[in-house]
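*Asks:* Structure here, sequence nowhere to be found:
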């Protein structure tokens, strides 16, 4: 191969790699963010906490891809990881949150509502344990700054994750045997085959194109239903009066 042909081939390879990087960049960012949190969770005491990463659980109506689950005597910590840069703004009941980079704004799905959906799937899968406490946690990795977040669900940077888990580990509600059984069941339910993963990704992309329905209460994970009030219709939590969350109803 002469020098000119070699240079042409090299330029073509560089261009191909640049295209591939652009196409795969969002996925690579997600993988790196989840890997960062996975390493942090390895620091937990293995005698008290059992960690499962990248779990795909399916029930009859839907599937949930859960970044990290920590099974402990104190309940289940369900962690959603987001790898973003820029400023992050969001409210727990909004359909979308906002990422701001150099004055430009980008929308992404509300991770709090996403995580409550994951927890509802887990509750259905673990229906024989109806009293398990669930601790939803959102972790933003990368060079992001949490500027104005309004949420009862913890939204943290990675350095705050272990202190939060430690602080929440107060009241034991599961025996060591129950922890082992739940851990084993979740591992058995985890769909690792390529077909299930591809199917889930396709459904997730389809859902992202449409609107996010406010069917899950961001405070307690209960269902939201349409109710008639003095001033019109609104969404109310099924766990009222213990939870008085409401959301405007828009036709």
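*Replies:* Sure, I can see it. Computed from a predicted structure; not experimentally measured.

*Asks:* can you give me the strands for the stretch 151-251 of the chain?
*Replies:* 155-156, 224-229, 232-237, 246-248 (DSSP state E, counting those that start in this stretch).

*Asks:* residue ranges for the helices of the stretch 151-251 of the chain, please.
*Replies:* In the stretch 151-251 of the chain, the helices defined using DSSP state H, counting those that start in this stretch lie at 161-168, 176-189, 194-209.

*Asks:* neighbouring contacts of the second one?
*Replies:* For helix 176-189, the surrounding residues in contact (CB atoms under 8 Å, 6 or more residues apart in numbering) are 50, 52, 55, 57-58, 69, 71-73, 76, 122, 125-126, 129, 132, 174. From N, CA and C alone the C-beta is placed, and that goes for glycine too.

*Asks:* I'd like to know which of those are buried.
*Replies:* 50, 55, 57-58, 69, 71-72, 76, 122, 125-126, 129, 132, 174 (16 or more other CB atoms under 10 Å).

*Asks:* what about stretch 148-156, how long is it end to end?
*Replies:* Start-to-end span of stretch 148-156 (CA to CA, to the nearest Å) is 12 Å.

*Asks:* Pull out the buried positions in that stretch.
*Replies:* 149, 151, 153, 154, 155, 156.

*Asks:* From the residues you listed, pick the one nearest residue 35.
*Replies:* residue 156 (17.2 Å; CB to CB).

*Asks:* is the closest one in a bridge, and if so with what?
*Replies:* residue 139 (DSSP bridges).

*Asks:* how about it, what does it touch?
*Replies:* By CB under 8 Å, 6+ apart, residue 156 lies in contact with 137, 138, 139, 140, 164.

*Asks:* One more: residue 101?
*Replies:* 85, 86, 87.

*Asks:* likewise residue 72?
*Replies:* With CB under 8 Å, 6+ apart, residue 72 has these contacts: 48, 49, 50, 169, 174, 179.

*Asks:* Equivalent analysis for residue 216, please.
*Replies:* Here residue 216 is in contact with 113, 116, 117, 120, 222, 223, 224 (CB under 8 Å, 6+ apart).
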